[in-house]
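*Asks:* Got a sequence here, can you model it:
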Amino acid sequence: MTENDGRTRLFPGLTNQLKNQPSPSGPQSESAPGPGANPNARANPNARENPEPRHKGPGSEGKVVPLRQAARQQQALRHWSFEDIRSMPWRRLVLITVLVLLLAAVVFLVLWGQTADFDALRRSYTYRGLERDSQGIAQEVSLGTEYAMLGAMGRRTAIASQLGLQVLDEDGTSLASSVAALAQPVLVTSQKLALAYDAGGRTICLINSAMQTQVLHTEQKILMADAAEGGGFCYLTAADEDKSVLTVHSDRFSEVFCWYSKSRYLTTAALSDNGQLVAAAGAGSRDGLYWSTLQLLRTDQETPVADVDLGQAVVLRLDWIGDTCVLLCHDRVDFYSADGALLGSYALGSRSLSAAAVGEDFLALTLSEDRDRQTLLTLDTSGNVIAELALGREVDCLSAAGDYVALLGPQGLSLYTRQLSLYGQLAQTGSLRSCRMRNDGTVLLTTAQGTALYLP
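*Replies:* From the prediction side, this is the model:
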C-alpha cells in the first residue's frame, strides 16, 4: 500500500472533495484567489474572509510578505547581533586584519625594547630636540672642579662632592640636593637612587627618583654601601661588640632589615633589584688560614637562607642579576641562586680580573695577562661565555647597562652589544675621563670640564 492509498482510505471524504475542486485553468469563483496570489495554490475553504494585508518587505526582491514579517525584518536590520556580524565574510576579513596588526604591534614593541636597531630609532625620537656635533656629543654641562664623582641616575646625572649630593636634569638644571659634609665622598647610583657616603665616616646622602632627599647618620663607621635598581639600598658598618652590621632600607628610606654578624667580618654586600634579597661576604680564619664565606639572606626573615663556604677565595665584589647572585673572586666568577645553589662558574685561569660591570641579564668582564693584552668577554647567569673579544689595548673604564657595554681607553670610547658587536665609537679627545652606560644605549661621559652625553 502506497502512502497516497493510505490517505485515501483514512480520509475518503477529503479525497472526494479534492477531486471535485475546479481546475486552475477554469473560471474563477468568488472564492478564487485574487490577483498576485499563487495560481497553483488550491482554495482553502477554511481561510479567513479578510486575509492579512501583504506588501513587499525589505530584502524581498519580487516576493510578497505579510506586514508583520516585514516589520520583524526591519527590526532585525536595526538590531544586528554579534553572531550576525561574525557570519558576514567582510566582517571576518576586518577581524583578521585587526588581529594581524595587533600581533605585528606586539612584535614591534618587543624588538623596540630589545635590539640595538630599534633602540637607535627610540633614541632618535627621545632625543630629537637635542643638538649634537658631528661625533654625536650633546648636552655638554660645565660643572667646575668642585665635584668628586659623577654617576647616571636613569637619564639624570648625580654629583657627589665634599658638600654632599646633587642631581641634575639633562640640561644641567639642579633638581635636588642633599647637603652634608663628606670628607671622602663615594657615589653609588642606580635607576631610581643616588647615594653618596663618607668612606670611614658616619654620613649618607640620599636622593630618590621622586627627588626626595634625606641625610642619614650612623652610629658606627661606614664600610661600604650599595644601591639597588628598585630604589632600595644597604650598607655595612663596623661595630664594637659585633664584627659587622648589615642594614637595608627601602626606596622611601625607611629601615626594613638589620643583621648583626658576630662570628665574622663582613667585607662587602649587595642588594637585589627588588630589595628582597641581600648577599654578604664574610672573612675570618680557619686553622690559622684566611677563610671566606657567603651569606644569602631575605629581608623578611632573621636567619640566613644559605651559608656558602668559599675556602681561601678573596672576594672582590658582589652583585645581582635578577635573582642570581654574582660573586667575583680573585680566581673565578661564581653564580648562585637565591637559595645558595651553585648555578655555574667561570675560571679566570692565568688572567687577572681588571673590571666588571652588570648588564640587564649578563656580566661583562675585562681580563688582563699584561698591560698590553686585554680581553673583553660577556657571561650569562650560568657562567657560560656569550662572546669574547681580544682588545690588545689598555682599558681605563668599563660600564654596562641594558643590552650594552661601554669601554673607554686611550684610543677613545667603544660601544658593544652583549654579543660584543661594535655599534658605536668616539675618538679620544684627551678630555674623556670616565663613562657610564645607560639602558637606552646612550653614554654619560665625564670630561675635564664636566659632563657630556654621547648619542650613538
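*Asks:* By mean pLDDT, flag the weakest helix or strand of the chain.
*Replies:* Sorted by mean pLDDT, DSSP states H and E, the helices and strands of the chain end with helix 3-10, the least confident at a mean of 43.
*Asks:* Report the contact partners of Gly322.
*Replies:* 272-273, 361, 381 (Cβ atoms under 8 Å, 6 or more residues apart in numbering). No exception for glycine: its C-beta is placed from N, CA and C like everyone else's.
*Asks:* Low-confidence stretches in the stretch 301-450 of the chain?
*Replies:* By pLDDT under 70, the weakly predicted segments of the stretch 301-450 of the chain are 371, 429.
*Asks:* which parts of stretch 287-305 are buried?
*Replies:* Buried residues in stretch 287-305, defined by neighbour count with 16 or more other Cβ atoms under 10 Å: 291-299, 304-305.
*Asks:* what's the helix or strand for Ala104?
*Replies:* Element membership for Ala104 (DSSP states H and E) is helix 89-114.
*Asks:* circling back to that earlier point, redo the buried residues of stretch 287-305 as JSON lines? Include distance to Val314 and secondary structure.
*Replies:* As requested, the buried residues of stretch 287-305 are exported to JSON lines (distance: Cβ to Cβ, whole Å; DSSP: H, G, I helix; E, B strand; the rest coil):
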{"residue": "Trp291", "distance to Val314": "11", "secondary structure": "strand"}
{"residue": "Ser292", "distance to Val314": "7", "secondary structure": "strand"}
{"residue": "Thr293", "distance to Val314": "13", "secondary structure": "strand"}
{"residue": "Leu294", "distance to Val314": "13", "secondary structure": "strand"}
{"residue": "Gln295", "distance to Val314": "17", "secondary structure": "strand"}
{"residue": "Leu296", "distance to Val314": "19", "secondary structure": "strand"}
{"residue": "Leu297", "distance to Val314": "22", "secondary structure": "strand"}
{"residue": "Arg298", "distance to Val314": "26", "secondary structure": "strand"}
{"residue": "Thr299", "distance to Val314": "27", "secondary structure": "coil"}
{"residue": "Pro304", "distance to Val314": "21", "secondary structure": "coil"}
{"residue": "Val305", "distance to Val314": "24", "secondary structure": "coil"}
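*Asks:* Return the closest of those with respect to Val385.
*Replies:* Val385 lies nearest to Leu294 out of the buried residues of stretch 287-305, by Cβ to Cβ, at 23.2 Å.
*Asks:* so what's that closest one scoring on pLDDT?
*Replies:* Looking at Leu294, its pLDDT is 96.
*Asks:* circling back: nearest to Asp339, of the contacts of Gly322?
*Replies:* Using Cβ to Cβ, the contacts of Gly322 come closest to Asp339 at Ser272, 13.2 Å.
*Asks:* which residue sits closest to the closest one, ignoring its sequence neighbours?
*Replies:* Nearest non-adjacent residue to Ser272, counting by Cβ to Cβ, 6 or more residues apart in numbering: Trp320, 4.4 Å away.
*Asks:* Quick check: that neighbour vs Leu328, distance?
*Replies:* 12 Å (Cβ to Cβ, to the nearest Å).
*Asks:* of all the buried residues of stretch 287-305, which two lie farthest apart?
*Replies:* Within the buried residues of stretch 287-305, Trp291 and Thr299 form the most distant pair, 26.3 Å apart (Cβ to Cβ).
*Asks:* I'd like the buried residues of stretch 287-305 as a markdown table, with distance to Leu223 appended.
*Replies:* Formatted as a markdown table, the buried residues of stretch 287-305 follow (distance: Cβ to Cβ, whole Å):
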| residue | distance to Leu223 |
| --- | --- |
| Trp291 | 19 |
| Ser292 | 16 |
| Thr293 | 17 |
| Leu294 | 17 |
| Gln295 | 15 |
| Leu296 | 19 |
| Leu297 | 17 |
| Arg298 | 22 |
| Thr299 | 19 |
| Pro304 | 19 |
| Val305 | 22 |
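*Asks:* What segments of the protein are helices?
*Replies:* 3-10, 12-19, 67-78, 82-87, 89-114, 116-126 (DSSP state H).
*Asks:* sorry, back to before: just among the contacts of Gly322, which is most surrounded?
*Replies:* Most neighbours among those, by other Cβ atoms under 10 Å: Ser272, with 25 neighbours.
*Asks:* quick one: contacts for that one?
*Replies:* Ser272 makes contacts with 228, 278, 320, 322-323, as judged by Cβ under 8 Å, 6+ apart.
*Asks:* Of the residues you listed, grab the buried ones for PyMOL.
*Replies:* Of those, the buried ones can be selected in PyMOL as follows, counting by 16+ other Cβ under 10 Å:
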select buried, resi 228+278+320
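*Asks:* Greatest separation within the contacts of Ser272: which pair is it?
*Replies:* Greatest spacing in these, by Cβ to Cβ: Val278 and Gly322 (14.5 Å).
*Asks:* can you count the residues close to Cys325?
*Replies:* If you count neighbours by other Cβ under 10 Å, Cys325 ends up with 26.
*Asks:* does it really touch Arg317, like I thought?
*Replies:* No: using Cβ atoms under 8 Å, Cys325 is not in contact with Arg317; the gap is 11.3 Å.
*Asks:* So for stretch 252-262, what gets flagged as buried?
*Replies:* Within stretch 252-262, the residues scored as buried using 16+ other Cβ under 10 Å are 253, 257, 259, 261.
*Asks:* Quick check: buried residues in stretch 362-373?
*Replies:* Those would be 362-368, for stretch 362-373 by 16+ other Cβ under 10 Å.
*Asks:* Kindly export that stretch (C-alpha atoms) in PDB.
*Replies:* The C-alpha trace of stretch 362-373 is given here as PDB (Å, rounded to 0.1, in the frame of the first residue of the first chain):
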ATOM      1  CA  PHE A 362      74.700  39.400  31.600                       C
ATOM      2  CA  LEU A 363      78.100  40.100  33.200                       C
ATOM      3  CA  ALA A 364      80.800  42.000  31.300                       C
ATOM      4  CA  LEU A 365      84.500  41.400  32.300                       C
ATOM      5  CA  THR A 366      87.900  42.700  31.300                       C
ATOM      6  CA  LEU A 367      90.700  40.300  31.900                       C
ATOM      7  CA  SER A 368      94.400  41.000  31.500                       C
ATOM      8  CA  GLU A 369      97.500  38.900  31.200                       C
ATOM      9  CA  ASP A 370      99.700  42.000  31.000                       C
ATOM     10  CA  ARG A 371      99.200  45.700  30.300                       C
ATOM     11  CA  ASP A 372      99.000  45.300  26.500                       C
ATOM     12  CA  ARG A 373      96.900  42.200  26.300                       C
END
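*Asks:* Which residues does it contact?
*Replies:* Here stretch 362-373 makes contact (Cβ under 8 Å, 6+ apart) with 319, 321, 326, 333, 348, 350-358, 374-381, 386, 390-395, 398, 400, 405, 407, 418.
*Asks:* again, only using 6 Å
*Replies:* Here stretch 362-373 makes contact (Cβ atoms under 6 Å, 6 or more residues apart in numbering) with 326, 351-352, 354-357, 374-380, 395, 398, 400, 405, 418.
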